[in-house]
Every structure is written in structure tokens, then in C-alpha cells.
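S.K.: got a predicted structure plus its sequence, pasted below:
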Protein chains: 2
Amino acid sequence: MPRPRQPRLTRQLIVDTATALIDAEGLPGFSTRRLAAELGVRGPSLYNHFATKDEILDAVADTVTGAVDTSGFASRDWVAALRDWAWSYRRALTAHPNIVPYLAQGPGRRPAALAMADAVYGGLVRAGWPPARATHIGAALRYFVAGSALGSFARGFVEDPELYAAHYPHLRDAHRLAEHQQSVDEGAFALGLDALLHGLTAEYARTAGPVESARPSG
Amino acid sequence: MPRPRQPRLTRQLIVDTATALIDAEGLPGFSTRRLAAELGVRGPSLYNHFATKDEILDAVADTVTGAVDTSGFASRDWVAALRDWAWSYRRALTAHPNIVPYLAQGPGRRPAALAMADAVYGGLVRAGWPPARATHIGAALRYFVAGSALGSFARGFVEDPELYAAHYPHLRDAHRLAEHQQSVDEGAFALGLDALLHGLTAEYARTAGPVESARPSG
DNA sequence: ACCCTTAAACTAGCGGTGTAAGTTTTGCCG
DNA sequence: CGGCAAAACTTACACCGCTAGTTTAAGGGT
């Protein structure tokens, strides 16, 4: 078949369909041939629009990351900004959990991830954190959010009571976790985030300060 | 070739070789044929010892998790125990970073991961944390450790200054992160862990208490 | 109005993957 | 010592990412 009157594929259409496919069938079920079939097309046609499969995945990941809101760093104090950002970040990832293992490996060349890192780092430095500390804080929060979206604690447990009862006495009711999965994960996230921010606030009082009153000695 | 005088393969030998191969070439470079070649064998022979490739990966992941030390929960206060565990957990994962994306998806049916979860949960409950809180704390710490081992913040940046300078003003020196990768990641982990534990200590003072003096209400 | 370049689909095919099926020979147990 | 299970093998299937070359339509230049 030759070139059609109207192009059947667009980068945008490919990315949207890929996102839906990954959401529906997971990363292992996502192949270029399968994606092409979903688009009514023949596989290699995708390579007219993307150079590699990873480039498609990067575009999907970038779209997901693009939904994260970092506007708090422009308008609120750093603790509130971090909290808003972390929750927004988490919501963006849990909306498409299957892409997280790919996405979590690093910002790489994805512009949205870089813009996010830039906004967080800039906001923290503006709030008076030393640059090295700002990097650490951004990384630590990213660890926590990515980990929470990736390894849903509850989802990992198998629904087979027998498996646990025998050998792991404290986990006797672990299979019930699957029922409360969302609430367990959200509760753990809320607790951990609050604890993190609490600890950072204490650290801030000890070592950092507003930009206009730079600390006198190193 | 028929059955040999002495079996050439053992589950243990397969797991060890698989671990080394994954360490050396990463998850994408790990295939059953490649592993078999490394063992001087023909590919399908592995299926005499493991049912699927994932079962091999589970065994590798379980061995890695088995190196995590949870003994602190038996001998130290809960804060020190959590700290020791988190660092041990992190060391175990960063020793084999390439398996982490697979491992981080959940404990599943891997006994070492389940034993670890059991020890942490039990230790926290013994220390006076309400069961639901103990679950949340274990999960939160796991998020943080898995996230830090998975998405090394520094490793994710590309070594191309131009890429950042143009569009992300605050990340102008991001490419330098690659040079200090280990120190950035460890610093971020140390900061985040301390903050988490600080926040949990405050929460403990507010809501929990030793088992022998159970709170009177709610 | 025509040519020519480029775009966007196609088909064919390469080397690789996980794994199922069936074969062969050995070691061990009754 | 007969027979069965174990552990290697070969063959093969369906799928994978991706390359190469083909075909035809779209669109810009003269």
C-alpha cells in the first residue's frame, strides 16, 4: 500500500494509543506490532514517525511527567510547594502505573522530566537551601514518589492466605492487603511524605535560611 | 547430546551465573540462550531446572533480598533498627542495580522479601506502633529505598551540557552530577532517611507508645 | 502544468526471544 | 538387571525490534 491521501499516523496519535495500550496490557504486552495493529497499520510504519521503540516510550513517559504540577514553587512556601508537587507527581504516576518502571530510571532526554527537576531545584534554592541540599531534597522526594508508584506494597502480595500463614506469622493477614490496596498505599505515602517534610523543616531551621540573610560561615 | 555422567547445571549455579550476567550486561542483555551459553549449555536445558525465565529472575531477586539484614529489630530500638535495615537494604540493591527494576515490583512469592516484610512489621508492632501504622512505615521505607536504588538521580542525566544550558537554567551544571553520582545518591539517601526517621519519631511521640502501656482510647 | 523531492504507507526478511515437543542416553532403584 | 526418571539435546513455533527496498500520493519550484 502506498502513501495514503491523508496520513493515518501522527506522533500524537501514536503516543496516545501507546499510552492506552500500556495502561491496558502492561509493558510486556506492548510491542511495536501490537501498537501498529491497534492503529490499523503494519508495524514498520511506526518508524516513519519514531526512530526506535524506546523513543515512543520516552514520549509516553514525557507526557505522563508533563501532567505534574510544579506551580507551587512559584507561589507558596517551600514546604507547601514540595507537598503539592509530591502529591501531583504521585497522581500522575499512579494514573499510568505500568509505565513507571520505564519512567523511573531517570530523566534522560525527556524535556518534561528535566523541566520538573529544574523547577524543583530552582524553587528550593530560591527558598534558601544550599544548592547541594536542594539537589538532595529533589532526589529524595523523587525516590519516594517513584518507589511508591512503582512497587505498590499491597499489589505485590499474592492472594493466597496459605502461603503466608505457615511461615510468616506477622503477615497472617497480608492477603487482605489486596483489598485495601489503594488505602494502604495512600496511607503509607501520606505518612512518609509528612515525616519527610517534618524532618526537612527541622533541618531547614538548623542549617538553611532565607536568601536575603545568607549564613555568615560555610 | 544425552544426559551427562554428572549434571552440568544446578539451580544454584544457574542463579549465580544469571546474577553475574545481569550485573555485567543488564536486564535487556539477559536471555535464556545467553545464560545457557555462559553455562556451556543449549538454552532449553535451563527448563529442566526452572519453569520460566521469570522463575530464574525471581530466584536472583530473592538471593539479593536475602542479603538484607533485619536483625536490628530483635536487638535495638525501632529507630535504630529502621535505620540499619534501610541502609542494609540499600546496599543489597545497589550491589546489583540491574535487577532492581524487576525486584522493585513487589514481594510476590519470593520468600526472602516476605521474611523481610515480616521482620519489619513484627518489630514495629512490638515497639508499640499500631498495626496499620507499622504497615505504612514499612511500605514508606521500602518506597524510599527501592526508589533510590532504581532511579539513581544522577545516572539519569545525560552527559551533554548543551542539552541543559539552553532550556533549563537551574540545571546548568546538571551534567556534572554524573561525576559525583555516588556521592549525590548517597547524600540524598542519607538526608531523606534522616528526615523520614525524624518525622516518624515525632509521630511516635504523638500517637504511639510502648506495648506495656497501651493507650487508653482510640 | 509539469517535474521532482519527500512522505508515509507497504512487503520481505534478518537475527533474536521464550518456550514447547520430542529424542537420546545416562544413572539409579527395585 | 529391567525400567524409569533425569538431564542434556535438536527442532520448531510464534513473536520481537528493526532494516531495506518498493510504491504511490502530496506538495513545492519553475
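M.R.: Yep, that arrived. Numbering: from 1, shown residues only, chains lettered A, B, ... in the order given.
S.K.: what helix or strand is the spatially most central residue of chain A on?
M.R.: Centrality entry for chain A: nearest residue to the mean C-alpha point is A:Leu93, 4.2 Å, by Cα atoms, centre = their mean. Under the criterion of DSSP states H and E, A:Leu93 resides in helix A:78-94.
S.K.: which residues touch that helix?
M.R.: The contact list for helix A:78-94 (Cβ atoms under 8 Å, 6 or more residues apart in numbering or on different chains) reads A:64-65, A:67-70, A:72-73, A:75-76, A:100, A:103, A:116, A:120, A:123-124, A:127, A:129, A:137, A:141-142, A:144-146, A:148-149, A:189, A:193, A:197, A:200-201, A:204. (Glycine included, C-beta is placed from N, CA and C.)
S.K.: can I have the buried ones of those residues as a ChimeraX selection?
M.R.: Provided next is the ChimeraX selection string for whichever of the contacts of helix A:78-94 are buried by 16 or more other Cβ atoms under 10 Å in any protein chain shown:
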select /A:64,65,68,70,72,73,100,103,116,120,123,124,127,129,137,141,142,144,145,146,148,149,189,193,197,200,204
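S.K.: in helices, which of the contacts of helix A:78-94 fall?
M.R.: Members of the contacts of helix A:78-94 lying in helices (criterion: DSSP state H): A:64-65, A:72-73, A:75, A:100, A:103, A:116, A:120, A:123-124, A:137, A:141-142, A:144-146, A:148-149, A:189, A:193, A:197, A:200-201, A:204.
S.K.: filter those by proximity to chain B?
M.R.: Restricting those to those touching chain B (Cβ under 8 Å from any Cβ of the partner chain) yields A:Ile137, A:Leu141, A:Arg142, A:Phe144, A:Val145, A:Ala146, A:Ser148, A:Phe189, A:Leu197, A:Leu200.
S.K.: please convert the residues you listed to JSON lines, extending it with distance to DNA strand D.
M.R.: Listed next are those as JSON lines, based on distance: Cβ to the nearest atom of the strand, whole Å:
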{"residue": "A:Ile137", "distance to DNA strand D": "36"}
{"residue": "A:Leu141", "distance to DNA strand D": "32"}
{"residue": "A:Arg142", "distance to DNA strand D": "27"}
{"residue": "A:Phe144", "distance to DNA strand D": "31"}
{"residue": "A:Val145", "distance to DNA strand D": "27"}
{"residue": "A:Ala146", "distance to DNA strand D": "23"}
{"residue": "A:Ser148", "distance to DNA strand D": "28"}
{"residue": "A:Phe189", "distance to DNA strand D": "32"}
{"residue": "A:Leu197", "distance to DNA strand D": "40"}
{"residue": "A:Leu200", "distance to DNA strand D": "41"}
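S.K.: for A:Gly29, state which of these is nearest.
M.R.: A:Ala146 (22.1 Å; Cβ to Cβ).
S.K.: just the pLDDT for that closest one.
M.R.: Per-residue pLDDT puts A:Ala146 at 95.
S.K.: could you do the one 4 residues further on as well?
M.R.: In this model, A:Leu150 is scored at 87, pLDDT.
S.K.: next: A:Thr207.
M.R.: 87.
S.K.: circling back: mind putting the ones next to chain B among the ones in helices among the contacts of helix A:78-94 in a markdown table, distance to B:Asp185 included?
M.R.: Formatted as a markdown table, these follow (distance: Cβ to Cβ, whole Å):
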| residue | distance to B:Asp185 |
| --- | --- |
| A:Ile137 | 13 |
| A:Leu141 | 14 |
| A:Arg142 | 11 |
| A:Phe144 | 14 |
| A:Val145 | 16 |
| A:Ala146 | 13 |
| A:Ser148 | 18 |
| A:Phe189 | 22 |
| A:Leu197 | 21 |
| A:Leu200 | 18 |
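S.K.: quick check, nearest of these to DNA strand C?
M.R.: The shortest approach to DNA strand C among these belongs to A:Ala146, at 25.9 Å (Cβ to the nearest atom of the strand).
S.K.: could you look up the SS state of A:Phe30?
M.R.: On the three-state scheme (DSSP: H, G, I helix; E, B strand; the rest coil), A:Phe30 is labelled coil.
S.K.: residue contacts, the residue lying closest to it once chain neighbours are set aside?
M.R.: Leaving aside its chain neighbours, A:Phe30 sits nearest to A:Ile22 (5.1 Å; criterion: Cβ to Cβ, 6 or more residues apart in numbering or on different chains). If a contact means Cβ under 8 Å, 6+ apart, then A:Ile22 has A:Phe30, A:Val60, A:His96, A:Asn98, A:Ile99 as its contacts.
S.K.: tell me the phi and psi of A:Ile22?
M.R.: Main-chain torsions, A:Ile22, degrees, to the nearest 10: phi -70, psi -40.
S.K.: over to A:Phe30?
M.R.: The phi/psi pair for A:Phe30 (degrees, to the nearest 10) reads phi -100, psi 110.
S.K.: equivalent analysis for A:Leu27, please.
M.R.: The phi/psi pair for A:Leu27 (degrees, to the nearest 10) is phi -60, psi -40.
S.K.: what is the burial count for the closest residue to A:Arg110 other than its chain neighbours?
M.R.: Nearest non-adjacent residue to A:Arg110, counting by Cβ to Cβ, 6+ apart: A:Asp62, 4.2 Å away. Residue crowding around A:Asp62 was assessed by other Cβ atoms under 10 Å in any protein chain shown; the count is 20.
S.K.: ok, A:Asp62 to B:Phe73 distance?
M.R.: Using Cβ to Cβ, to the nearest Å, A:Asp62 is found at 41 Å from B:Phe73.
S.K.: would you turn the contacts of A:Ile22 into JSON lines with neighbour count?
M.R.: As requested, the contacts of A:Ile22 are arranged in JSON lines below (neighbours: other Cβ atoms under 10 Å in any protein chain shown):
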{"residue": "A:Phe30", "neighbour count": "22"}
{"residue": "A:Val60", "neighbour count": "27"}
{"residue": "A:His96", "neighbour count": "19"}
{"residue": "A:Asn98", "neighbour count": "19"}
{"residue": "A:Ile99", "neighbour count": "24"}
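S.K.: for those, which one is nearest chain B?
M.R.: A:Asn98 (10.6 Å; Cβ to the nearest Cβ).
S.K.: my guess is the closest one contacts A:Leu27. True?
M.R.: Yes: with contact defined as Cβ atoms under 8 Å, A:Asn98 reaches A:Leu27; the gap is 5.6 Å.
S.K.: what residues does chain A put near DNA strand D?
M.R.: A:2-6, A:30-34, A:43-44, A:47, A:51-54 (Cβ under 7 Å from any atom of the strand).
S.K.: which secondary structure element of chain A has the lowest mean pLDDT?
M.R.: helix A:161-167 (a mean of 60; mean pLDDT, DSSP states H and E).
S.K.: which residue packs closest to A:Arg42, ignoring adjacent ones?
M.R.: Counting by Cβ to Cβ, 6+ apart, A:Ala36 is the residue found nearest to A:Arg42 once chain neighbours are left out, at 5.8 Å.
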